[in-house]
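K.L.:
Okay, structure incoming, though there's no sequence with it:
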Ligand SMILES: [Zn+2]
């Protein structure tokens, strides 16, 4: 599915910039239907947390986690 490429890219972009509402909607609609993208999100979250731990940089806010 071409859509997965788009979604994973948005998930990655979300680490660096704020996504638009439309982009979040696309993600939220897609993730429940796609274990591949859910796994991808989980992985990049872990990677980001690991990077924070290593660098000691504390960033505030940002990604939504209101599940
Ligand atoms: Zn997908």
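P.N.:
Great, that's in hand. All of these numbers come straight from a predicted model, not from anything done at the bench. Residues are numbered from 1 along each chain as shown.
K.L.:
Now do the helix or strand harbouring residue 22: distance to the chain's middle.
P.N.:
In this structure, residue 22 sits in helix 21-30 according to DSSP states H and E. Remark: helix 21-30 is offset 11 Å from the chain centroid, using C-alpha atoms, centre = their mean, to the nearest Å.
K.L.:
That helix vs the ion: in contact?
P.N.:
No - if you take C-beta under 5 Å from the ion as the test, helix 21-30 misses the ion, and the best it gets is 5.6 Å. The C-beta positions use only the backbone N, C-alpha and C, and glycine is treated the same way.
K.L.:
downstream neighbour of that helix in the secondary structure list?
P.N.:
helix 35-55.
K.L.:
What is that next one packed up against?
P.N.:
Under the contact criterion of 3 or more C-beta pairs under 8 Å, 6 or more residues apart in numbering; DSSP states H and E, helix 35-55 touches helix 2-13.
K.L.:
follow-up on the earlier one: and the helix holding residue 22, what's buried?
P.N.:
In terms of neighbour count (16 or more other C-beta atoms under 10 Å), helix 21-30 has its buried residues at 23, 26, 27, 30.
K.L.:
With stretch 29-40 instead?
P.N.:
In stretch 29-40, counting by 16+ other C-beta under 10 Å, buried: 30, 31, 34, 37, 40.
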